[in-house]
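>>> starting from these lines, generate the structure:
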Amino acid sequence: MKPIGILGAGSFGTALAIHVASSGQPALLWARRSATAEALRADRQNRIYLPGVSFPPALEVTADLGLLAAAETIVVAAPSHGYRAVLAEHLARRGGAALTVVSATKGVEADSLARMSRVSAEEGARAGTELRFAVLSGPTFAAELARAVPSAAVVASEDGELAAALCERLAGPTLRLYSSRDVVGVELAGAAKNVIAIAAGVLSGLGLGHNTLAALITRGLHEMTRLGAAYGGDLKTFSGLAGLGDLVLTCTGALSRNRRTGIELAQGKTLGDIETETTEIAEGVKNSRVIARLAHDRGVEMPIIEQMVEVMYQGKSPRQALRDLMTRELKEESRL
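Next up is the predicted model:
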């Protein structure tokens with residue numbers, strides 16, 4: 001059996017590699033830096049992102065992209081700002097052979113406003129590669145996935161047969177996968193929920209209660225659904241694992257980097273302070289302004305997203321942002 005290649009040895013890329021290898025399939029995890037790959041091979045664990053979780057025997061690590069050329073399926077687990085460069089570098093090593101790309105990235109490219117499906121199509125065309133695309137998303141903290149905590153997620157592709165086949169190959173006793181054809185909805189839900197989770201962290205940092213958090217999650221889901229509908233997404237996606245499921249997890253779970261960022265903002269830290277104290281920047285930080293731009297382009301109201309942009313980038317106080325949200329014009333709840 002040919003290995004599944006995983007591009008990106010951060011927390012989620014490593015967790016996916018551990019899951020694949022633990023399910024009895026060979027997995028080849030690529031790390032950008034040779035020193036990182038050497039440490040992962042020597043330690044047989046990722047001491048930085050997933051300390052204490054041992055690598056199964058079927059998991060190999062490399063910093064040589066050429067070794068992944070034989071893989072017919074790769075999972076790209078890079079942040080949205082690095083996805084294009086990583087994929088382009090990999091495609092340049094393959095010589096145009098057909099490839100299935102699974103995006104595990106929850107974000108949108110800042111300059112182009114392109115989702116990873118479009119980025120993949122563009123880079124595949126540039127490399128002359130027949131490329132089939134899918135996106136994997138859902139409520140899956142890396143630390144829990146790596147430790148075989150039962151989880152569920154969605155694999156979406158416009159090719160329904162491909163989505164079903166990937167579910168069969170990537171699922172296991174501790175990861176149940178559901179197929180979908182709604183690439184747009186799954187990608188936008190994954191990007192937008194991160195910003196709502198930062199807002200949830202702000203509420204926690206301000207010492208507010210369950211009433212406030214429940215309202216935020218509910219209205220945040222409404223905003224995500226509005227955005228998805230404007231770009232042709234399926235409304236049902238947003239009430240499923242990639243939408244509501246991931247939103248609830250990221251807004252309430254202690255392992256959420258986005259929620260933790262919001263807590264620190266409420267404590268008076270700046271983005272600069274937060275970035276110097278962590279090895280992984282929350283995707284919602286960069287994608288807040290991107291989501292706001294996507295909403296503006298389609299005339300979609302996303303007041304929570306707008307307030308978080310003002311808090312993070314314009315110096316607005318979290319308490320003032322909350323006050324402005326609470327005193328907006330009263331409206332009918334169900335209006336999209």
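
>>> from now on I want contacts and neighbour counts done on CA atoms only, so please keep to that.
Fine.

>>> starting at the chain centroid, how far to the helix-or-strand element of the chain with minimal mean pLDDT?
Least confident helix or strand of the chain, by mean pLDDT, DSSP states H and E, is helix 271-276 with a mean of 86. Helix 271-276 sits 20 Å away from the centroid of its parent chain (C-alpha atoms, centre = their mean, to the nearest Å).

>>> what residues does that helix touch?
Residues outside helix 271-276 that contact it (C-alpha atoms under 8 Å, 6 or more residues apart in numbering): 261, 264, 265, 281, 312.

>>> could you redo the last one with a cut-off of 10 Å?
With contacts defined as C-alpha atoms under 10 Å, 6 or more residues apart in numbering, helix 271-276 is touched by 260, 261, 264, 265, 281, 282, 285, 311, 312, 313.

>>> list the contacts for the first one?
By that I understand residue 260. 197-202, 204-205, 250-251, 253-254, 266, 274, 282.

>>> which parts of the protein are strands?
Applying DSSP state E to the chain gives strands spanning 4-7, 27-30, 59-62, 73-76, 99-103, 131-137, 151-156, 175-180.

>>> dump those strands into TSV; add distance to residue 231 as well.
Putting these into TSV (distance: least, C-alpha to C-alpha, whole Å) gives the following:
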stretch	distance to residue 231
strand 4-7	28
strand 27-30	33
strand 59-62	38
strand 73-76	24
strand 99-103	19
strand 131-137	17
strand 151-156	16
strand 175-180	17
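
>>> which among the ones you listed is found nearest to residue 167?
Proximity to residue 167, assessed across the strands of the chain by C-alpha to C-alpha, is greatest for strand 175-180 (5.5 Å).

>>> rewinding a little: out of the strands of the chain, flag the one nearest residue 319.
Among the strands of the chain, strand 131-137 sits nearest to residue 319 (C-alpha to C-alpha), with 31.9 Å.

>>> check which helices and strands the closest one sits against.
Using 3 or more C-alpha pairs under 10 Å, 6 or more residues apart in numbering; DSSP states H and E, the elements in contact with strand 131-137 are strand 73-76, strand 99-103, helix 116-127, strand 151-156, helix 160-170, strand 175-180, helix 183-205.

>>> would you mark the buried spots in the least confident helix or strand of the chain?
271, 274 (16 or more other C-alpha atoms under 10 Å).

>>> sorry, back to before: least confident pick among the contacts of residue 260?
Across the contacts of residue 260, the smallest pLDDT goes to residue 282, namely 85.

>>> right, I'll leave it there.
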